[in-house]
Each structure stands twice: as C-alpha cells, then as structure tokens.
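Colleague: Sequence first, then the predicted structure:
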Amino acid sequence: MAKVTIDNIEIEVPDGTTILQAARMIGERNKADRHVVPPTMCYYSKLKTSGGYCRTCIVKVTKGSEKDPRPMPKPVASCRTNVMDGMVVENTINADLIESRKSVTEFLLINHPLDCPICDQAGECHLQDLSYENGKEASRYQFERRTFDPIDIGETIKLHMTRCILCYRCVKVAEQITDGRVHGVINRGDVSEISTYIQEAIDNDFSGNVIDVCPVGALTDKTFRFASRVWFTQPLDAHRDCPKCSGKTVLWMKGEEVLRVTGRKDQWGEVEEFICNTCRFETKDKAAWTIEGPRKIDRHSVISQGHYERKLQQKLLDKAAPDAPSIEPFNIADR
Amino acid sequence: MGRKLLFEHITKPGIQGLEGYRANGGYRSVEKALKTMSPEAVVEEVKKSGLRGRGGAGFPTGMKWSFLAKPPGVPRHIVCNADESEPGTFKDRYLMERIPHLLVEGMITSGFALGAESGYIYIRGEYFYVHRILERAIAEAYAAGWLGKNILGSGFDFDLHMHIGAGAYICGEETALLESLEGKRGNPRIKPPFPAVKGLYDRPTVVNNVETIAAVVPIVNDGGEEYAKIGVGKSTGTKLISAGGNIKRPGVYEIELGITCDEFLNSDEYCGGIEGRALKAVVPGGSSVPIIPGELFLKTAAGETRLMTYESLSDGGFATGSMLGSGGFYAYNDAQCIVRSTWNHARFYHHESCGQCSPCREGTGWMEKLLHRIENGHGHMEDIDLLWDIQRRIEGNTICPLGDAAAWPVASAIRHFRDEFEYHVKYPTKVKDPDHFAKEPFKRELKASYA
Amino acid sequence: MGATIKAVTTREGTKPFAFSEAALAECRSIIARYPAERSKSALIPILHIAQSENDGWLSVNAMDAVAQVLGLKHIEVYEVASFYSMFNLHPVGTYHLEVCQTSPCMIRGSEKIVGHLSKKLGIQPGETTKDGMFTLKTVECLGSCGSAPMLQCGAKYYEDLTPEKVDAMLDAMRAENKRQTYTDR
C-alpha cells in the first residue's frame, strides 16, 4: 500500500495505482472531493496502454516519495505515473499547474473547428467540458485551421477527422477488443490522422465502440446523425439477451422512438461494458428491449436540463408499465 | 595541438578496413577487457573517466550503465544511437564513415561491460551509405572472430547488427528510437519505465550515442583516470565538435574539453574565425540549444572567458548562457537574419514533431506560422509576445524533450534579439528581400535584454 | 497550409508488386537479425527494399507485399510508412533531389540552391518535371552541415554546392538517366 496526498487530501491505495486512479478513488470516497480528479481526454481505464498523450491530466508532484522526497521537475501525466508511498501531488491548488492545463486546452482547440452547433457530440463532448473549465473566452489563433474531408468508415460510423484530438482510444479499441484492426494513425505531427489509409470499411461486431470511446465528435453514429440534439432525447437503461455482448445499454429515446443505442457510461465518462454492433445499430425497436428505468445523468450535464428523468418516469407510469420504478421526490443532493 | 583520442589515427591509410585499423592498435580494448577485466571493472573505469553522454544530454555514462537492470534469465541489449539528426551535428557520420571499426570495437567492449546478449546500431536512413560501410566493418569483425560466439575464447558471446531508420528526427530520442527499432512509428514512450528497466523488446537496454561508445575504447585502453586528466571539472576527456555556419574552416574537430571558446572559434587549428564579416551569433550545441550573441559566446555575462565545457557554456543559465549539447556548433555572421533562422528552426521542429502529445503537435505549427508572418513583414508587435507565451506553454508540458527543444531556440532568439523581431514589424518593406541584412547589417536599436 | 487533406488513397491505377528473388533473400537475412518473435523490427529496412524495387515509392500494393512478408496487418505497415519522411507515398522522378533547408544549410546559402534548381527544372519543391526525370524536394537536416549547402539523391550526398556544381550534376544525371535509390550500393 502507498499513502498519497492529492491537494492536501490523503488516501491509501494499492501499489501500482496511478495518480489519476488515486484521485478518482478520492472522488469516489467523497463526492465533495471530486474536484481533485484531473480531466482526461485520452486515458481510458478499460484500454491498456491508453493515456499520456493529451496532457490534460497533468499534475505537479511536489514530493516524490518518503524515500526520495525530491519533487519531479516537470508536470507529469497523472494517468501514466504510479504513486509512491509518501508522494505529494498538487492539482487544483497549484496555480502554475492550472495554467499549464489551460495551455494544453488552448493547444487542443487551436485547430478544432468549434462546429459544436452542427456536431452530434455536443452536449456530451469532453472537449466542451474541458474548454468550459479551462478554456479562454476567445482564441488567439489567427491562422486557417487544419481541415480534413469527413468520411464514412463503414456503413454506420462517420469520421470527422477535423474534430479529432488524436487520443488513440479508437485505435486501442480496435486493437484490444476487435479482431483485425484496419484503422490506425497515419502520417506524422499535426497532419497525423485516424485513417484506414485505403478505402476500407471498419467492419466487425464491436467496431461501434469506437464511437463511445471518442471524447469528441470525430467518430459519430451514422444511424443517429442529425436525428436530434442529445439534450432533447431521453436516456433509458435497458437490456436484452444478446449472444455477443452483455446487452446492457442506454436507449436514447424521442417519444417512443429509439434514436440511438450506446454503452452505459460511468461517472468518469467511460463505458461500463463494451456492446456489440447488433445491439447498437440494429436493435432500434423498443419492444426488443427490457426497460430498466431512466439513466442517471450527472446534474451538471446539459442533458439533465430537460428533467427527462421525471418526464420519463411519468410516462412509464402513465403507460402502466408493470415494473416501472416509483417516482421518488426530486432531490438535487442525490444526483 | 590538443590530444586526440578518437581521431588519432583517422587519417592513416587503410584505417577504414580491419587490417589498417588493427595495425594502428585497433581492438586492444576488447582484448584487454575480455582477457584481463571483469564487466564490473570496465563499468568502474567508465565511471572513473567522468565520461558524459555525447548525444546532447550530457548524462554521466557510468551512472547510466549502473542503472541497467539485471534480472536473471532476461537478455539485455546495448543500442547505439546513430540517428544523428540534430541540426548542426555531423560528427557521428564523420566518425562512422572514416573509422567504422572504432564504433564496432566500442560496441563489443561496452556490450561486455553490460553483459549484453546483442547490440544494434540504429543509424538514420539518410546515412544509407554509412550503413553500408558499417555493415562491411561488422562482417569483417565477425570473420576475424571479434564478434559472434566465444569471442577470444573468453566465453563472451556478442552479436552486433545494423538497423536503418527512414527519416525522423524524433528517433534520436532514445525511447522513440527503440519503438522504431521494433518496427513501429517513432513515438516516444511515456517514462518511467526507463529503457534501463524496460527497453528494446521490454528488456533492459542501454542506449548510447556513437561518440560515447567510441570513447569507451580509449577509456579502457588507457584507464578512466587517464581520460579524466583531460578537461575541466565535470567536463572530462575530448569532445567532437561539428563546426558549421559562416566560419572559415567548417568540419569535425576533436577538442580537449576546456579550451576557450575564442580559441575554438578563431584559431586556425579549428574554425579559423568568421568568414569575411563580423560575428553575430552562435548556436554552440545543435539547434535545440539557446542561440546566443557572439559576445556572450566568447565571454560570460560576468566577463569571464567562456570555455568549451558543459558547465561554462551553460554559465548564466538560459538568461545569458547556452549548452554544449551534441556539439553541433554553428556561427552566424552579420549578414544573417535571426528571425529568418528562428523561423527555420521552428519549421524544423514543426516538421519533426511526432504528433503524439498536444502541446508539441499544435504548438510547433503555431510558432512556425507566426514566425513566417513576422519574417515576411506581415507581423504585429503582439505576435512577439504571443510567440514568447506559446513557447513557454510548450516547454515542460510534453512527453519528450522535443517540446523543450522547439521552445528554447524561439525563447533565446526573442530574449537576445527582440529588437530584430521588432525591426521586422516596424519596417515590413525592408524585410521583403530575403537577404535583407546582407546588404545592410542590422544595428541594434535597443539594449539587449541581458545587458 | 489550410488545404483540406484527402483522407484515403486507393489501389486503383497502381501496378502489381512482387519482390524479386534477390530482394526476398535480403529480406530474410534482415529478419534474421531480430529475435524470432520480433520480426516486425525488420519493417523499416524491408520497406526501403520495397521502395527501391517499386521505382522509388511505396504503392499500396508494395506495402501490402511487405505486410505479407512479415505477417503484419496492412494498417501496421501504412502507419509506419507514412510516419517516416524517406518513404514516398507518391511516385517520384528518376532523380529525387532532396535539398537540405535547415538553418546550418540556410546560412550557407541553401535557399539559393533551391531557387536555382527550381528555375533550371521549371518546378517548385514538391513537384516532378513533366518528363519524370527530376523531383525536387526540400528536406530537413541531413547531417552534412559542414559541407553545406548540400543535397541528397538516392544514397549519394552532393556537398558544398554552387550553382555551377548543380548544373554539372544535372547534366550528368540527364546523360546517365538511371533511377537512384537509397539502397544503391
């Protein structure tokens, strides 16, 4: 076990835990401490070797360990740095570090198209969240932005490379949970791109998960394209017996229509279980699903602003769904 | 004349081949080490010598070697970094081309010291013809029994192979080099773990520069203490300096660390002074190190004579000093435009950024665009402050040192030559001609910021 | 700068590719340098061989052949080939002139050499002459700063260039008319 202090909050964690994981443990232990958790754009706990690239999760290590108390000279990526016993980490309490994170945010945005009004990811985009918290009000970048042609990679997935921040998550999904990766990162430097290089469809049972792991609107669901803003949809937890995956999903409803099916995301924005393409793209009939109830969405999310939960529950009751959960009083502190 | 340890025999006829090399005392270090020394004793000599990594970072070699993990049953590797890509640096090419067996010998002796099963020489793709020369040298060494099984009957087995790159500055960063050697994109790894623990094929690996490995040969031959007698303080031994730019005698010089910068620049033994015009600025250690005005190269801010050592060249920190780096020295005469050169540097780093982490991927291109605009007479005064701010935001926030390397030349150019940037904004028509300072050398209007 | 980047390429219009016997033998000897399960290490050296056997550039067919030799996924080869600047993903002229333009060369006049070549050949850097004889390219530091300005063509370095030397070089190349590659011996 190792004792680590992050922003003056102490926690004991197993050896081999990363600083980021330790911070998340602090956040899970006490919701009030969640602010010490660094934002992540490329790290994904379910994907091996992910993280380290985007630099948004950087923190300052002011004391290396009990044994070697020297501070680390530069900010480190918390997602790829293991804690040591006695380590002291500064995140939100270090003004220089906050400035560094703002720098990283600015770099991520200078070539981003900022086309949120026409982007399907808006409302659940991690880059939006990051820039809301760490961005500047105006860009200092006065040059033409880098653009790429949007392309279809397969029947169901749209790639808007222009929006990509090169987090490598989709590449790791293809490598680690599908058989036969056909896309990757080609070229170098700021013209690097996610690509199949040749016109080849990404076609396998789990390819749709690249959409769920994409932190921005670079990979979106073609079957949901322009169907609705996410905050006008109502998410329902649902499941079905699926021979390929757990079948545990979220249905994004508009009225009785299933507009989109996704995996269930946890409080850190990561899917709990990867789902198959049959569930995601081909099972859009509500009758095929067992509805569990409204999906809890963080109250800070724009999706929550429609108070979909109460509306949905009301609707479920109205329809006299036999196993619908009973409405509890709206309690903001719970959410 | 300074002592030559690496280049002593470089002009001897036939030195490129095994026979000529052997006739001039070649492979003595292998004989000495394998027959009379333990691997630990060789490491000890290297520690005593005070040898520091010659690739640019200047990290003590003996210490780097002693970090090598030695879990039982796991093969270890030594990898020679012959990716020499730092602008201004061409010493390794010269050494490998002229006296290839010196590197082969150094690899065998170093491999013995580290208990390595095999070694690879990773050479940049552009040096394909040098790759051929080394392949020949390795084949000769195998044929003569210097490589392979049971070398000199000592029971030590060592294989040495060449590996060619294909054009990527970033592969000079040791973990990017290892990725490339594994057949992947040259993306630097996130450290820790360091190569000494998890390097090539996840095995413990030491990566050393060509010159560092070559220097092991005289260290073993004559002893670490003898080597350490040359030099000043923690800068021991000799160093190869690649000299270029507007000097009379460009070339590769082996200097004793500790000679004065003035002697190096102006004596006929080395650079022979500036060609035709007046000295303006110097990049002493490859394009990544801060550029400094000529007068600050010759004397420190405190007025002391500057020496060609790691310490003296960095005296004054980044405010008034620079770094010895890889020894890629180039000088500017007063016809040169610092803004144009800084733009050129920025373009280089933009082109060579691997694209993995955001500050470097996005920031290097931004700096290039701003510098291009200023150099071509379209800049604004705010652009100079913006540039300063961008470089500051890249530095320290990236996975590997390329971010810092991209930031420092920009920072130092603004620090020392801000008035020249301002001139470009004030007189856009005068800088339209790319040769603007050739006809009318720039006269400083402001006091330099270090004064 | 600013131009929209085309996302994909195709196999169409490129000729089939197969390694020669001699090249395959060389590939095998390169693979033998690395531990058995680490043959991917041979990727870059073998891409060089493929490029030389395919008129100096890597078509999709050539890269797919490399993938087959090493038992790699095609994308693994594309990823690597597109990372390194010496691999040409488009056809190049018989003589691929790569002029170093980085600072140490620049301060010794590389811009004038590029300008001279550009004028003589009637093309801009990045372009190929209509007859397919020359491709002009500006590249970053080639490690020849002491003999600047300089250019590389195939395995050969042309150093301490002057306009006169460039003219003589071009004339000799036109007379010889033989493709130069990095792997030339």
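Modeller: Noted; the coordinates are in hand.
Colleague: what's the following helix or strand after the helix or strand hosting B:Glu382?
Modeller: B:Glu382 is part of helix B:381-394, with elements assigned from DSSP states H and E. Once the chain leaves helix B:381-394, the next helix or strand it forms, by DSSP H and E, is helix B:402-426.
Colleague: Just the buried residues of that next one, please?
Modeller: Across helix B:402-426, burial judged by 16 or more other CB atoms under 10 Å in any protein chain shown covers B:402-425. The C-beta positions use only the backbone N, C-alpha and C, and glycine is treated the same way.
Colleague: and it, how far out from the chain's middle?
Modeller: Computed by CA atoms, centre = their mean, to the nearest Å, the separation of helix B:402-426 from the middle of its chain amounts to 22 Å.
Colleague: what angle separates that helix from helix B:381-394?
Modeller: 170 degrees (axes from the mean of the first three to the mean of the last three CA atoms, to 10 degrees).
Colleague: now the residue lying closest to B:Met1 once chain neighbours are set aside, what's its secondary structure?
Modeller: Closest residue in space to B:Met1, ignoring its immediate chain neighbours: B:Glu269 at 6.9 Å, by CB to CB, 6 or more residues apart in numbering or on different chains. The assignment at B:Glu269 comes out as coil when based on DSSP: H, G, I helix; E, B strand; the rest coil.
Colleague: coming back round to it: for the helix holding B:Glu382, give me every contacting residue.
Modeller: Here helix B:381-394 makes contact (CB atoms under 8 Å, 6 or more residues apart in numbering or on different chains) with A:100, A:103, A:106-107, A:140, B:359-360, B:363-364, B:366-367, B:370-371, B:373-374, B:403-404, B:406-408, B:410-411, B:414, B:418, B:421-422, B:425.
Colleague: Please identify the residues of the stretch 301-450 of chain B in proximity to chain A?
Modeller: Proximity of the stretch 301-450 of chain B to chain A (CB under 8 Å from any CB of the partner chain) is limited to residues B:350-359, B:361-366, B:369, B:386, B:393-394, B:396-399.
Colleague: filter these to the buried ones?
Modeller: B:350-359, B:361-366, B:369, B:386, B:393-394, B:396-399.
Colleague: How about the residues of the stretch 51-200 of chain A by chain B?
Modeller: So the stretch 51-200 of chain A meets chain B at A:51-55, A:58, A:73-75, A:77, A:80-81, A:100, A:103-104, A:106-108, A:110-111, A:140-141, A:143, A:165-166, A:185, A:187-192 (CB under 8 Å from any CB).
Colleague: Same list, those, but only the ones touching chain C.
Modeller: A:Phe143, A:Val185, A:Asn187, A:Arg188, A:Val191.
Colleague: Name the nearest residue to the first one, ignoring sequence neighbours.
Modeller: Taking CB to CB, 6+ apart as the measure, A:Phe143 lies nearest to B:Lys369, with 4.9 Å between them; neighbours along the chain are not counted.
Colleague: tell me the angle the strand or helix carrying that neighbour makes with helix B:402-426.
Modeller: Counting by DSSP H and E, the element that carries B:Lys369 is helix B:358-375. With the same axes, to 10 degrees defining the directions, helix B:358-375 sits at 20 degrees from helix B:402-426.
Colleague: May I have helix B:358-375 as PDB, with CA atoms only?
Modeller: Only the C-alpha atoms of helix B:358-375 are listed here, as PDB (Å, rounded to 0.1, in the frame of the first residue of the first chain):
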ATOM      1  CA  SER B 358      -1.000  18.100 -28.000                       C
ATOM      2  CA  PRO B 359       1.400  20.900 -26.900                       C
ATOM      3  CA  CYS B 360       4.100  19.900 -29.300                       C
ATOM      4  CA  ARG B 361       1.800  18.800 -32.100                       C
ATOM      5  CA  GLU B 362      -0.200  22.000 -32.100                       C
ATOM      6  CA  GLY B 363       2.300  24.500 -30.700                       C
ATOM      7  CA  THR B 364       5.200  23.900 -33.000                       C
ATOM      8  CA  GLY B 365       3.000  24.600 -36.100                       C
ATOM      9  CA  TRP B 366       1.600  27.800 -34.400                       C
ATOM     10  CA  MET B 367       5.100  29.100 -33.700                       C
ATOM     11  CA  GLU B 368       6.100  28.400 -37.300                       C
ATOM     12  CA  LYS B 369       3.200  30.300 -38.700                       C
ATOM     13  CA  LEU B 370       3.800  33.300 -36.500                       C
ATOM     14  CA  LEU B 371       7.500  33.400 -37.300                       C
ATOM     15  CA  HIS B 372       6.800  33.100 -41.000                       C
ATOM     16  CA  ARG B 373       4.400  36.000 -40.800                       C
ATOM     17  CA  ILE B 374       6.900  38.200 -38.900                       C
ATOM     18  CA  GLU B 375       9.800  37.300 -41.100                       C
END
